[in-house]
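# Provided below for reference: sequence and predicted model.
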Amino acid sequence: MATTKTKEVPTGRVSELIQVEEERFRRSRARSHQLWTEARAVLPRGVPSSFQDAAPQPIFVERGKGSRVWDVDGNEYVDFHNGFGVMVVGHAHPKIVEAVSRQIQRGSHFAQPVEDAVTVARELSRRFHQPKWRFTNSGTESTLDAVRIARGFTGRERLIKIEASYHGHHDALMVSVEPPPDRMGPADQPASVPQSDGIPSAIVELTTVVPFNDVAALEKAFAAHPGEVAAVIVEPAMMNVGIVLPDVGYLDQVKDVAHRNGALLIFDEVKTGATISPGGATERFNVIPDVIALAKAIGGGLPCGAVGGRDDVMGVIEEKRVAQMGTFNGNPLTMAASKVTLLEILDANAYAHFDAMAETLQGGLDEAIARFDLPFHVITLAARGGVTYRARRVRNYRDYLEIDKSLSYLSWLYQCNRGVLMAPGAEENWTLSVQHSVDDVQRYVDNFAEMARDLRK
Ligand SMILES: Cc1ncc(COP(=O)(O)O)c(C=O)c1O
């Protein structure tokens, strides 16, 4: 890791390089630009989901195979975006194609239970140590159900969430996801700021916000609302503000504080589940929560989600006290893809492969950072990782705010113009797949080294 003594990067140089790279980007993306212009007539911001609208413009994708995707202008990329952390199986994996094709010929939807759902639930139990599961269709639905289950189980209404954690777009947790500095309140007692217009203030008031990695602030939040809190929901390693790791012992302490106050601990493992180890953050950090929300990587590329929990907690569904349902829950195509993903693709060899690629990335990037004396550092966790554009570790949202976001934008442009597609947005990080090779990840390292050299020129 670079030291704090490292020279800063002159902002003038960053802006100069951004201009050069934006021009290069635009020159080879005429068709994407045309489609985006047409799309704006029928889709607000020209995209199906606001996350897909990022500077300089959205890239319309035509197809994907293995570790690669191709855009509508014919540009080829090694895919580090991987559909916001979904495609750890890689694109068009032969086993997924085979399983989904076989199932679609036998019917794509019944809204009746299928045998694969039992197999998948059993495998999730084995990996995440939660005995009971229900399926959903997205991470949003999984965290929505998780908080309803917790509220039903405890008979309490208040939630505690971490400042700057994103848990999906339902009202209860769209609070202080990226609060503006002039409204975010004091660091040890952040304000609850709605992330969007249209969220009732009565809902926002039920969500208390605390900083990550701060047990004292959590204790204070509980003390301010005795007997009111149903659950603390935590993304065990934050993955929507770069990557923010938990302090050693922090997750254990959160569980302890929650339980002492009669509340449940929910892990949002939508991004960490099955990507940073077979059993996600639960396994990697060795803390078992009361309820887990999953989605993304567990479905092999199909819309998916799952919520799992303790026997007594999930008993609220058994007893028909809490409603958990959905037309597409346990859809046969999703279950078929999920079964091969979890049982046949993401095996021990897959995780060893992720670790080997992470080592190449960590080693190569550390070397370039040291060679060009840059105030950055790298975090890798099996299939996930990213560069943080500051020398010191980020422990919470307030640290993250100190990062110059133009550096991550410049990095995105460098990678994109040299054949690596990263997820858009300064806060994003990479996801690798079982179909990526060491040569694929070396391309990211080489592009990064080129940017590092140009920053110091
Ligand atoms: C940690 C986390 N939780 C929940 C969600 C919501 O998932 P979805 O977009 O599938 O609704 C996301 C999406 O990025 C996420 O990163």
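Yes, it's here.

# I'd like the distance between the residue most central in space within the chain and Leu294.
Nearest residue to the geometric centre of the chain (CA atoms, centre = their mean): Lys271, 3.7 Å. In this view, Lys271 and Leu294 are 10 Å apart by CB to CB, to the nearest Å. Just so you know, the C-beta spots here come from the backbone N, C-alpha and C atoms, and that holds for glycine as well.

# again, but for Leu265
15 Å.

# Counting neighbours, go ahead and name the busier of these two.
Using other CB atoms under 10 Å, the more surrounded residue of Leu265 and Leu294 is Leu294, with 32 against 23.

# Quick check: Phe80 touching Arg418?
No. Phe80 is beyond contact range of Arg418, at 11.9 Å (criterion: CB atoms under 8 Å).

# Secondary structure element holding whichever residue of the stretch 201-350 of the chain sits closest to the ligand?
With CB to the nearest ligand atom, the shortest gap between the stretch 201-350 of the chain and the ligand falls at Val270, namely 3.5 Å. In the assignment (DSSP states H and E), Val270 maps to no helix and no strand.

# so how far is stretch 52-64 off the chain centroid?
Mean-position distance between stretch 52-64 and its chain equals 18 Å (CA atoms, centre = their mean, to the nearest Å).

# just stretch 271-291 next, same as before
The answer for stretch 271-291 is 13 Å, by CA atoms, centre = their mean.

# Please spell out which residues along that stretch are buried.
271-285, 287-291 (16 or more other CB atoms under 10 Å).

# Quick check: residues of the stretch 201-350 of the chain near the ligand?
Residues of the stretch 201-350 of the chain lying close to the ligand (CB under 6 Å from any ligand atom) are 235, 240, 268, 270-271, 295.

# For these, which two are the farthest from each other?
Checked with CB to CB, those reach their widest spread between Asn240 and Ala295, with 13.7 Å between them.

# Show me which of these two is the more surrounded one.
When Asn240 is set against Ala295 and neighbours are counted by other CB under 10 Å, the residue ahead is Ala295, at 27 against 21.

# Give me the distance between that one and Val441.
Applying CB to CB, the value for Ala295 to Val441 is 25 Å.

# now Ala191
The value you get for Ala191 to Val441, if CB to CB is used, is 40 Å.

# which of these two has more neighbours?
A count of neighbours by other CB under 10 Å puts Val441 above the other of Ala191 and Val441, at 25 against 14.

# got the contact list for the more buried one?
Applying CB atoms under 8 Å, 6 or more residues apart in numbering, one finds that Val441 lies in contact with 78, 357, 360-361, 432.

# which one of the residues you listed has the most neighbours?
Counting by other CB under 10 Å, top hit in these: Leu432 with 28 neighbours.

# what's the closest non-adjacent residue to it?
Leaving aside its sequence neighbours, Leu432 sits nearest to Ala383 (CB to CB, 6 or more residues apart in numbering; 4.7 Å).

# go on, Lys457?
Nearest to Lys457 is Arg13, by CB to CB, 6+ apart, at 7.9 Å.

# what helix or strand is that neighbour on?
Following DSSP H and E, one finds Arg13 within helix 11-27.

# What of Gly364?
If you go by DSSP H and E, Gly364 is part of helix 348-371.

# Which neighbouring elements make contact with that helix?
Helices and strands touching helix 348-371, by 3 or more CB pairs under 8 Å, 6 or more residues apart in numbering; DSSP states H and E, are strand 377-381, strand 384-388, helix 438-456.

# in the longest one, what counts as buried?
By that I understand helix 438-456. 440-441, 443-445, 447-449, 451-452, 454-455.

# and the direction of it versus that of strand 377-381, what angle?
For helix 438-456 against strand 377-381, the angle by axes from the mean of the first three to the mean of the last three CA atoms, to 10 degrees is 160 degrees.
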